[in-house]
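> need a 3D model of the following:
(one chain, ligands or ions: 1)
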Amino acid sequence: MNDGSFSLSHRRLLLIISGGIAAYKSLDLIRRLRERGAQVRCVLTSGGAQFITPLSVAALSGEPPLTQLFSAENEQQFGHIRLSREADLIVVAPASANMIAKMAHGLADNLASAVLLAATDKPVMIAPAMNGRMWEHPATQANMATLASRGIMKIGPARGALACGEEGAGRMSEVDAILSAIESFFAQNAPLQGHRALVTSGPTFEPMDPVRFIGNRSSGKQGHAIAAALAAAGADVTLVTGPTALPEPLGVRVIPIETAKEMLAACKSALPCDIVVCAAAVADWRPKTQSTFKIKKNGGHAAPPLTMTENPDILATLSQKGKSRPKLVIGFAAETDAVIDNAKAKFARKGCDWILANQVGGGKGFGAEENSVTLLRREAKGTISAQAWPTLSKTAIAQKLVEEIVKKKG
Ligand code: CTP
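This is a model prediction of the structure:
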């Protein structure tokens, strides 16, 4: 949509709908969020389900709301930890007095409260909705003070006619107000808004004949995580990726390729851009010729000779000096030994600005969930600085890299 509103196209929202007549407004909130491109996953409490049906939530959000804490299906698909981990922002609307009390006291007796208790590192926004006396009660006010001290953001409540027939504070804020609070939260948390980024990921497959290829073990996990983290920071991201088993990161333009030559062509088509991260494990060589038919065993004769030729170096090509060179070009150095020395040597060959050096082999790097990297940076006057990071999940490494990119941008 293009009505001048802030795009939420790569944002993942978890909307928790607790009990209250205002739950009907949450249906409109879901619709408006999705119009702005957000992915909205919903948790409907049993109180919420007294006011709106799971079917109407499913129809508007595009997937059935989650309702049960202990459910074999949920546990497999979206355990409560995963639900909070996969959200960029959690919004509780309406937030009943009961839900607010549970949050303040750390209860985890239903799916909604368990998700919120697990959301220790996630931003949470609540839109309280209740009777005015309940809102003004010292217990609710003390609970709200506790939540504020933990950084929970609050929208409303508004004053006006309440469902119970009384007047006062306690009405859930209107959908417009909630939407603009969500938009301004993301606007403030989008430090790379307006920046174009290009990420390469996964292996390349270099064909010998129509059925065989030379490839490698890259899972694409690190490159995909970097693309997702850049998009979450507001960048406009193109991900050029070899074959992987991973889902496409949300809000990222994905160009699937197979060979190194295709990867280079796709990268060039994504220029100009400001930031490049080459995380792909590009095959250094490809078979010099590609048979148009399946190479046969040929009745016990010698194996066919395999002559290889060098592939283009994508990182080195994108690092070449010139007017359209991206401001920041980052590569990886996957090494089995002498990690730092080999990585330093790569600066000269590749011409990039930063290198993330990591150890591969022996269960590390390829396919693993975690990575141990050292960030090497080419500083002014040609010196190279090295910053060793602790062993972290690939998602955490992606996040940390994006933080460094944001710091450099200043
Ligand atoms: N890379 C690339 N194109 C290639 C080879 C590598 O873009 N043809 C990039 C990788 O994405 C990575 C960096 O270059 O960011 C280093 O890759 P690596 O495999 O560690 O190094 P190589 O260039 O293959 O050098 P060597 O084989 O000597 O280790």
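
> check the secondary structure at the residue in the stretch 1-150 of the chain positioned nearest to the ligand for me.
Nearest to the ligand, among the residues of the stretch 1-150 of the chain, is His10, at 23.5 Å (CB to the nearest ligand atom). For the C-beta atoms, the positions are set from N, CA and C on the backbone; glycine is no exception. Assigned state for His10: coil (three-state reduction, DSSP: H, G, I helix; E, B strand; the rest coil).

> could you count how many residues lie near it?
His10 sits with 24 neighbouring residues when counted by other CB atoms under 10 Å.

> tell me if I'm right that it and Glu248 touch.
No - the criterion here is CB atoms under 8 Å, and His10 misses it with Glu248 at 11.2 Å.

> domains in this protein, by residue range?
The record's domain parsing of the chain by automatic domain parsing lists 12-188, 196-409.

> so where's the chain uncertain?
Low-confidence segments of the chain, defined by pLDDT under 70, span residues 1-6, 71-79, 299-300, 362-367.

> need the contact list for Val115.
Counting by CB atoms under 8 Å, 6 or more residues apart in numbering, Val115 makes contact with Leu14, Ile16, Val43, His80, Leu83, Ser84, Ile90.

> actually Ala112, sorry about that
With contacts defined as CB under 8 Å, 6+ apart, Ala112 is in contact with Ile16, Ser18, Val43, Thr45, Val92, Met99.

> just grab the bridge partners of the fifth one for me.
With DSSP bridges applied, the residues forming beta bridges to Val92 are Ile16, Ile126.

> number of nearby residues for Ser180?
16.

> got CSV for the contacts of Ala112, with neighbour count too?
Output for those, formatted as CSV (neighbours: other CB atoms under 10 Å):
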residue, neighbour count
Ile16, 29
Ser18, 29
Val43, 29
Thr45, 24
Val92, 28
Met99, 29
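
> which two from these end up farthest apart in space?
Within the contacts of Ala112, Val43 and Met99 form the most distant pair, 10.8 Å apart (CB to CB).

> joint contacts of the two?
With CB under 8 Å, 6+ apart, Val43 and Met99 have common neighbours Ile16, Ala112.

> still on that earlier bit, can you list phi and psi of the residue of the stretch 1-150 of the chain closest to the ligand for me?
His10 adopts backbone torsions of phi -110, psi 20, taken as degrees, to the nearest 10.

> can you classify the spatially most central residue of the chain by secondary structure?
Residue closest to the average C-alpha location in the chain (CA atoms, centre = their mean): Ala228, at 3.6 Å. Following three-state DSSP, Ala228 is assigned to helix.

> quick one, what contacts the residue nearest to it when sequence neighbours are not counted?
Distances taken as CB to CB, 6 or more residues apart in numbering put Pro249 closest to Ala228, at 3.8 Å, once the chain neighbours are dropped. Residues near Pro249 by CB under 8 Å, 6+ apart: His224, Ala225, Ala227, Ala228, Ala231, Val237, Leu239.

> ok but Pro249 is inside a strand, no?
No - per three-state DSSP, Pro249 lies outside any strand segment and is coil.

> quick check: it vs the ligand, distance?
Distance, Pro249 to the ligand, using CB to the nearest ligand atom, to the nearest Å: 18 Å.

> tell me the buried residues in stretch 242-260?
Buried residues in stretch 242-260, defined by neighbour count with 16 or more other CB atoms under 10 Å: Gly242, Pro243, Thr244, Pro249, Leu250, Gly251, Val252, Ile255, Ile257, Glu258, Thr259, Ala260.

> distance between the ends of it?
By CA to CA, to the nearest Å, the extent of stretch 242-260 from end to end equals 9 Å.

> what's the neighbour count on the closest residue to Ala333 other than its chain neighbours?
Leaving aside its chain neighbours, Ala333 sits nearest to Ala343 (3.7 Å; criterion: CB to CB, 6+ apart). Neighbour count for Ala343, taken as other CB under 10 Å: 23.
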